[in-house]
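**Student:** need the 3D shape of this:
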Amino acid sequence: MPPNRYCFDTNALIDGWKNYPISAFPKLWANLERMIRDETAFSSIEVKRELAQWHGGPLVTWVKQQDGFFRQSTRQVQNIVAKITDTTDLVDEEAQKSTADPFVIALAKVEGARVVTHEGRAGPRQRVKVPDVCMKLAVQYTRFVGVITSEGWVFK
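**Tutor:** Residues are numbered from 1 along each chain as shown. Predicted coordinates for the structure are as follows:
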C-alpha cells in the first residue's frame, strides 16, 4: 500500500504549531520532517507566501528550513486553480484572505494527496470553505490531528 500523502494549508500549519509545539512534541515535528524528505508531506509555494505575510515567527523559520516542502505550481495545478476560482467564492479577493487555498486543493488533486486544513465545512449563509471545494473535486481532507492519527504516531 502506498504511503499517505498530505498537502498542508496555511491554517493547518499554524494550528499544528500552536496545539503541538515543537518544544513539547519534538518527535511529531521530526516525523513530519521525515515525511517532507520522503515527499509525502508538502505544500504550495503560496502557503509560504501567506505564512510570511500573516504569521512570521518560529513557524516561518521552521518551514524555511524544510527543503522541498513548498512546490511551485505546474500548469496542471494552475488549470485547477482557475476552475476553483471561476466556480466558487473560496478566495475573498477584497480581503485578500485565503489566497493559497485553491493552490493547496489543486496541488493535492494533482498529487493524489489529502488536504490538511483547520477548516470545517461551511454552514448556512457562510462562504464556501476548503472542505466544501475538496468534496466537490473528490479530494480527501483532514485536520492536523488526522495526520497524527492516520500515521499512527504515538507520543509518550
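
**Student:** packing partners of the least confident helix or strand in the chain by mean pLDDT?
**Tutor:** When each helix and strand of the chain is scored by mean pLDDT, DSSP states H and E, helix 45-54 comes last, with a mean of 86. Under the contact criterion of 3 or more C-beta pairs under 8 Å, 6 or more residues apart in numbering; DSSP states H and E, helix 45-54 touches helix 10-19, helix 57-64, strand 70-71, helix 101-111. In this view, the C-beta of every residue, glycine as well, is placed from N, C-alpha and C.

**Student:** any weak-confidence spans in this structure?
**Tutor:** 1, 54-56, 92-98, 156 (pLDDT under 70).

**Student:** hmm, back to that, nearest to Gly146, of the helices and strands packed on helix 45-54?
**Tutor:** Counting by C-beta to C-beta, Gly146 lies closest to helix 10-19 out of those; the figure is 9.6 Å.

**Student:** mind listing what's buried along the helix or strand following the closest one?
**Tutor:** Downstream of helix 10-19, the next assigned helix or strand under DSSP states H and E is helix 26-37. Neighbour-count burial for helix 26-37 flags Leu28, Trp29, Asn31, Leu32, Met35, Ile36 (criterion: 16 or more other C-beta atoms under 10 Å).

**Student:** which strands and helices lie in contact with helix 26-37?
**Tutor:** Using 3+ C-beta pairs under 8 Å, 6+ apart, helix 26-37 is in contact with strand 41-44, helix 144-151.

**Student:** can you put these in JSON lines and add mean neighbour count?
**Tutor:** Shown next, in JSON lines, are the helices and strands packed on helix 26-37 (neighbours: other C-beta atoms under 10 Å):
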{"stretch": "strand 41-44", "mean neighbour count": "26"}
{"stretch": "helix 144-151", "mean neighbour count": "17"}
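
**Student:** right, and Gly120 touches Cys134 too?
**Tutor:** No - taking C-beta atoms under 8 Å as the definition, Gly120 is not a contact partner of Cys134, at 11.6 Å.

**Student:** what would the helices and strands packed on helix 26-37 look like in CSV with distance to Ala138?
**Tutor:** Listed next are the helices and strands packed on helix 26-37 as CSV, based on distance: least, C-beta to C-beta, whole Å:
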stretch, distance to Ala138
strand 41-44, 19
helix 144-151, 18
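
**Student:** nearest to Asn4, out of these?
**Tutor:** helix 144-151 (5.6 Å).

**Student:** now the angle from the closest one to helix 26-37?
**Tutor:** 80 degrees (axes from the mean of the first three to the mean of the last three C-alpha atoms, to 10 degrees).

**Student:** I'm done for today, thanks for sticking with me.
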